[in-house]
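Q: Turn this into a model:
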Amino acid sequence: MKKSLLFHIGFWGFLWLMLGFSFFRFETTTESLRLAALVVFPMAIPVYIHDYIFDYFFIKKQYILYLVLTVPLVIFFGYIIDQMQHFIEPEGDSETYGAILFFMILFTGARYLRIGTQQRMKIVEEEEKRIKVEMELKELEAKQAYAELDLLKSQVNPHFLFNSLNSIYSLILARSDIAGDVVLKLSDLMRYLLESSRKRKVLVKHELEFLKNYIDLEKIRLARKLTMSSMFEGDFDGKIISPMLLIPFIENCFKHGIGVNYSENLIEINIKINDRFLYLETSNRIAPRRLNPHQKKTGTGIENVKRRLNLLYPKRHDLHIKQTETKYFVKLKLEL
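A: Numbers count the residues shown, from 1 in each chain. You can find the predicted model right below:
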């Protein structure tokens, strides 16, 4: 309301002063302003009436009614204002009808220009607010995602440690002469685990060294109970990955693939880097003692890594898990 009032005062005040300045070379300052007021301010009545007619008929595309009302308006007030000006200033000469049309067009154009500018400013302001809200929402979502990732990653650590300690326990019972070396190897793994848990990304080559060491530990523990092939190929230098992302798939092979029938304990693990993509393929025989119809649900580790993949690499990974009666397959394509 205040801005609208300022616009109307400013519009008529500006025209009055501009017209008054144009009279300065012929009249005194006071007389110039008086003559300008005589020309400008009487125009306000027909201008505001026309403004109402314009909004009510022209904007609604009722052009004939608009002309029917506007033409008599110009003629009537043109005559009235002309007579008034001649009465006050008998020697003056004016073009009242043309002036009324000019003021009508000028005022309506200025008003709609102001409205358009306000609308544009409002749109810009709303867009800025929307962008700010979206950024705050994205920041909140990112914080929530990182909090969830930290929780998921923290769940990997005790799971891995539990399995590793079981391996050492088995080695101590079966082959105590290499248990010390295994403990040292495990300490290296745990050191990497603790260091990587504080990082969002690690080098792929360090992560693969960690996986190789874990596989070596399992091969030592299982010895002749396992037939295994593993392959790591490609250019790993300079590539980065989220830490502890692949280990659940590797652990799963040993957890579910080792049974009492040693000849059937077959595990294959292949990891390949091609350009910016990492490919992981694993397969393992499902040990008969694992084939329980009441335990079809995927383990916590696999569900954990699925969630982490969705959070860390949305639309940048392709995971396929297939299970038959005797074998379990994993294929992962990951864009680094």
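Q: pretty sure residue 334 contacts residue 315?
A: No - with contacts counted by CB atoms under 8 Å, residue 334 stays clear of residue 315, the gap being 11.7 Å. (Glycine included, C-beta is placed from N, CA and C.)
Q: which stretches of the stretch 1-150 of the chain have low pLDDT?
A: Low-confidence segments of the stretch 1-150 of the chain, defined by pLDDT under 70: 1-3, 23-26, 89-94, 116-121, 123-124, 140-150.
Q: sec struct for the most centrally placed residue in the chain, please.
A: Centroid-nearest residue in the chain, with CA atoms, centre = their mean: residue 138, separated by 5.6 Å. Under DSSP: H, G, I helix; E, B strand; the rest coil, residue 138 falls in the helix class.
Q: who's in contact with it?
A: With contact set as CB atoms under 8 Å, 6 or more residues apart in numbering, residue 138 has no partners.
Q: higher neighbour count, residue 334 and residue 315?
A: residue 334 (21 against 7; other CB atoms under 10 Å).
Q: that's a strand at that one, yeah?
A: Yes - under three-state DSSP, residue 334 falls within a strand.
Q: Spatially, what comes nearest to residue 202 if we skip its sequence neighbours?
A: residue 243 (4.6 Å; CB to CB, 6 or more residues apart in numbering).
Q: cool, residue 7 as well?
A: residue 114 (5.9 Å).
Q: tell me, what's touching residue 334 and residue 315 both at once?
A: With CB under 8 Å, 6+ apart, residue 334 and residue 315 have no common neighbours.
Q: show me the contacts for residue 327.
A: Taking CB under 8 Å, 6+ apart, one finds 283, 284, 285, 286 in contact with residue 327.
Q: Buried members of the residues you listed into ChimeraX, please.
A: In ChimeraX, this line selects whichever of the contacts of residue 327 come out buried by 16 or more other CB atoms under 10 Å:
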select :283,284,285,286
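Q: I'd like the contacts of residue 327 laid out as JSON lines, including secondary structure, pLDDT and distance to residue 215.
A: Listed next are these as JSON lines, based on DSSP: H, G, I helix; E, B strand; the rest coil; pLDDT from 0 to 100; distance: CB to CB, whole Å:
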{"residue": "283", "secondary structure": "strand", "pLDDT": "92", "distance to residue 215": "14"}
{"residue": "284", "secondary structure": "strand", "pLDDT": "90", "distance to residue 215": "12"}
{"residue": "285", "secondary structure": "strand", "pLDDT": "86", "distance to residue 215": "17"}
{"residue": "286", "secondary structure": "coil", "pLDDT": "83", "distance to residue 215": "19"}
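Q: Backbone dihedrals for residue 266, please?
A: Main-chain torsions, residue 266, degrees, to the nearest 10: phi -110, psi 130.
Q: distance of it from residue 136?
A: Going from residue 266 to residue 136 by CB to CB, to the nearest Å gives 52 Å.
Q: Have a look at those two and say which one is more surrounded.
A: Neighbours were tallied for residue 266 and for residue 136 using other CB under 10 Å; the higher tally belongs to residue 266 (15 against 10).
Q: for that one, which residues make a bridge with it?
A: Assessed by DSSP bridges, residue 266 has beta-bridge partners residue 227.
Q: Can you name the residues that contact it?
A: When contacts are taken as CB under 8 Å, 6+ apart, residue 266 is in contact with 227, 228, 257, 283, 284, 285.
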